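S.K.: okay, here's the prediction I keep looking at, along with the sequence it came from:
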Amino acid sequence: MKNKLIALMITTLMPFSTLAGTTVVYNAKGYTPTQDGELAHFSTLVIKDGRVLNRGDQQLAKSYPDAERIDAKGKVLLPGLIDAHGHVIGLGQNLMRLDLRDTQSVEQIGEKLKAFAAQSNQEWIIGRGWNQENWPTKRFATATDLDKYVSDRPVVLTRIDGHAIWVNTKAMELAGFKGTEPSPEGGEIIRNDQGQATGVFIDKAENLITPHIPKADARALSTALDKAGAHLLSLGITSTHDAGISKDTWQLYRQRAAQNNLPLRIYAMLSAAEPQLVSMLKAGKVSDANDMLSIRSVKVYADGALGSRGAALLDDYADRKGHRGLMLESQEQLEEIFKTCFAHGFSAHTHAIGDRANRDVLNAYESVFKSTGGKLLRNRIEHAQIVAPSDIPRFKELKIIPSMQPVHATSDMHMAELRLNEQQLSGAYAWQTFLAQGSKVAAGSDFPVELANPFHGLYSAITRQDHNGQPQAGWRPQELLTREQALRAFTLDAAYSAHQEFKLGSLEKGKWADFIIVDTDIMTAPVQDIWQTQVLQTWLGGEKRYERSGSAAP
């Protein structure tokens, strides 16, 4: 991966209250969306006490003769990018675990596993990134396949989408799994023709194994946070929405915010699956004066993922007759969760991928809004990938924000055409349709399911093509976004979805001076150049937090 070759320089973190003085960044090629719906062009940015003081042309720089001056040398300057859906600790842990993202066969995974085990003393070997759709067989593998490479230690390998695990026999033994247990509601144990469990557990069936994995301690969580933060800053991400945190992570974030040493801005959603959710809700919403941490929402889980056929559909999967996926919660259960969230003033951000899941979630929101309110809390549906066309207008009617990940469309497109028929695809990854009706689309990546690089997401949003420029006109091109729309989805509209549009998301007076300097003009360059954009500098609250080693940065 290219970014592994980049040496990071992260400056010492310091409390925003200590910032002072005026800085002028001039000779830039600047772009920012604005609250009035325009895309502003500028060449000079004036910063004072970590916030934007002014923005304008080259003449503006002369109005601040005593300011610290930084020559941007004609480079492109953009607002810091916001990833509206990721998993921060998971990303940090992935950077330290067995990475299977680029593997193309069971045998290749086995060899990587064997090599990793040889140099690791971990009690349990944990990895992520496999995708059976990339294998010649396109079928789930088995515990026996893993036993050939590692049998003396438990192995748990998570599918790329996080909605299935593949384990070896040792892991099942240590978890006390006998193989005869029934699939739990909302989950599936994959079995062979003889009815024996194969070692693949989907969605809630994962809970038969994963609680037995030793928990990461506070130090390990903090290390994962720092690794993820450095990685995200190097990609131009200054703020991220962490989609579903545990109590341990909740405690870590609050502690680090109090110490003024969070690596980037985090808008965190409490996990509805956390046993201590109610006590966390009772503790109240979390915010800080520097807007580094905001916790005011709950991540709810409605269905599984398309790749593992766990996304809940209204009709059968095209490639598995009689199967319609998995609802992790019934509509009645969703309504109870929403009521609990709203009673404490928290928004509900609900994972829904399939068209049935999206409909049930919309129905649950509508029912609760009528009975108890909560409609103005900027509730979201996370992913909103496959939506019946008749349900799309309901997002606007119910003020539900579609939080979508453009790169999912281009990574899923071939698989989606196998899983779904044309009618099911008619409301798939429908970004432009949502925007056309007046919905705001909050864009993200779903890292570490996908790579965190936001320029991959911008490219996917603008082209709906893979990195080879295929398909030539884009996949279902009626839904692609303009460059301006895509930038807004990764900045100002993402900020809106977190109640932060007056603080973040654009370089307007009074907002935090979060910005990046990059080597590519994403508004005018050939589209194929967009995904290859390199970040030269990342600034957070007027302080430089990252500089690319060896770059010609200002």
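M.R.: Yep, it's here.

S.K.: isn't G50 right up against K511?
M.R.: No. Between G50 and K511 there is no contact under Cβ atoms under 8 Å: 10.1 Å. All C-beta atoms are positioned from the backbone trio N, CA, C, and that covers glycine.

S.K.: separation between E543 and W512?
M.R.: Between E543 and W512 the computed distance is 10 Å (Cβ to Cβ, to the nearest Å).

S.K.: what residues are shared contacts of those two?
M.R.: Counting by Cβ atoms under 8 Å, 6 or more residues apart in numbering, the common neighbours of E543 and W512 are G50.

S.K.: of the two, who's got more company?
M.R.: Neighbour totals were compared for E543 and W512, and W512 leads with 27 against 19 (other Cβ atoms under 10 Å).

S.K.: surely the more buried one and F502 touch.
M.R.: No. If you go by Cβ under 8 Å, W512 and F502 don't touch, sitting 10.6 Å apart.

S.K.: what ranges do the strands span in the stretch 251-400 of the chain?
M.R.: 265-271, 286-287, 293-301, 347-352, 380-383 (DSSP state E, counting those that start in this stretch).

S.K.: what about A243, neighbour count?
M.R.: Counted with other Cβ under 10 Å, A243 comes out at 27.

S.K.: does anything pack onto the helix or strand hosting it? Which helices or strands?
M.R.: Assigned by DSSP states H and E, A243 falls within strand 237-245. Secondary-structure packing of strand 237-245 (3 or more Cβ pairs under 8 Å, 6 or more residues apart in numbering; DSSP states H and E): strand 81-86, helix 88-94, strand 265-271, strand 293-301, helix 492-496, strand 535-540.

S.K.: worst average pLDDT in these?
M.R.: Sorting these by mean pLDDT places helix 88-94 lowest, at a mean of 94.

S.K.: outside of it, which residues touch it?
M.R.: Residues from elsewhere that reach helix 88-94, judged by Cβ under 8 Å, 6+ apart: 126, 128-129, 162, 216, 221, 223-229, 231-232, 240, 242, 245, 249, 266, 447-448, 452.

S.K.: from the middle of its chain, how far away would that helix be?
M.R.: The gap between where helix 88-94 is centred and where its chain is centred comes out at 11 Å by Cα atoms, centre = their mean, to the nearest Å.

S.K.: quick check: buried residues in it?
M.R.: V88, I89, G90, L91, G92, Q93, N94 (16 or more other Cβ atoms under 10 Å).

S.K.: adding distance to E188, write the residues you listed out as a markdown table.
M.R.: Shown next, in a markdown table, are the buried residues of helix 88-94 (distance: Cβ to Cβ, whole Å):
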| residue | distance to E188 |
| --- | --- |
| V88 | 28 |
| I89 | 26 |
| G90 | 22 |
| L91 | 27 |
| G92 | 29 |
| Q93 | 25 |
| N94 | 24 |
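
S.K.: closest to W135 out of the residues you listed?
M.R.: Using Cβ to Cβ, N94 is the member of the buried residues of helix 88-94 that lies nearest W135, at 20.5 Å.

S.K.: how close does that closest one sit to L264?
M.R.: 17 Å.

S.K.: and what of P184?
M.R.: In terms of Cβ to Cβ, P184 sits 37 Å off from L264.

S.K.: quick one: which of those two has more around it?
M.R.: Set side by side, P184 and L264 show more neighbours around L264, with 23 against 15, by other Cβ under 10 Å.

S.K.: would you mind measuring from the more buried one to A409?
M.R.: For L264 relative to A409 (Cβ to Cβ), the value is 26 Å.

S.K.: contacts for stretch 463-478?
M.R.: 409-410, 413, 425, 428-429, 432, 459, 479-480, 527-528, 531.

S.K.: hmm, which of those residues are the buried ones?
M.R.: Of the contacts of stretch 463-478, these count as buried by 16+ other Cβ under 10 Å: A409, T410, M413, L425, A428, Y429, Q432, Y459, E479, L480, W531.

S.K.: farthest-apart pair in those, please.
M.R.: L425 and W531 (24.1 Å).

S.K.: let's verify G438: helix, strand, or coil?
M.R.: Secondary structure, DSSP: H, G, I helix; E, B strand; the rest coil: G438 is coil.

S.K.: that one contacts K396, doesn't it?
M.R.: Yes. Taking Cβ under 8 Å as the definition, G438 is a contact partner of K396 at 5.6 Å.

S.K.: neighbour count winner among the two?
M.R.: The residue with more neighbours, out of G438 and K396 and counting by other Cβ under 10 Å, is K396; that gives 14 against 9.

S.K.: ends of stretch 376-388, what's the gap?
M.R.: For stretch 376-388, the first and last residues are 24 Å from each other (Cα to Cα, to the nearest Å).

S.K.: any idea of the mean pLDDT in it?
M.R.: The model assigns stretch 376-388 a mean pLDDT of 98.

S.K.: so how far is it from its chain's centroid?
M.R.: The answer for stretch 376-388 is 14 Å, by Cα atoms, centre = their mean.

S.K.: list the buried residues for that stretch?
M.R.: L377, R378, N379, R380, I381, E382, H383, A384, Q385, I386, V387, A388.

S.K.: out of those, who's nearest V167?
M.R.: Closest approach between the buried residues of stretch 376-388 and V167, by Cβ to Cβ: H383, at 25.7 Å.

S.K.: thought K114 was touching V150?
M.R.: Yes. Applying Cβ under 8 Å, one finds K114 in contact with V150, separated by 6.5 Å.
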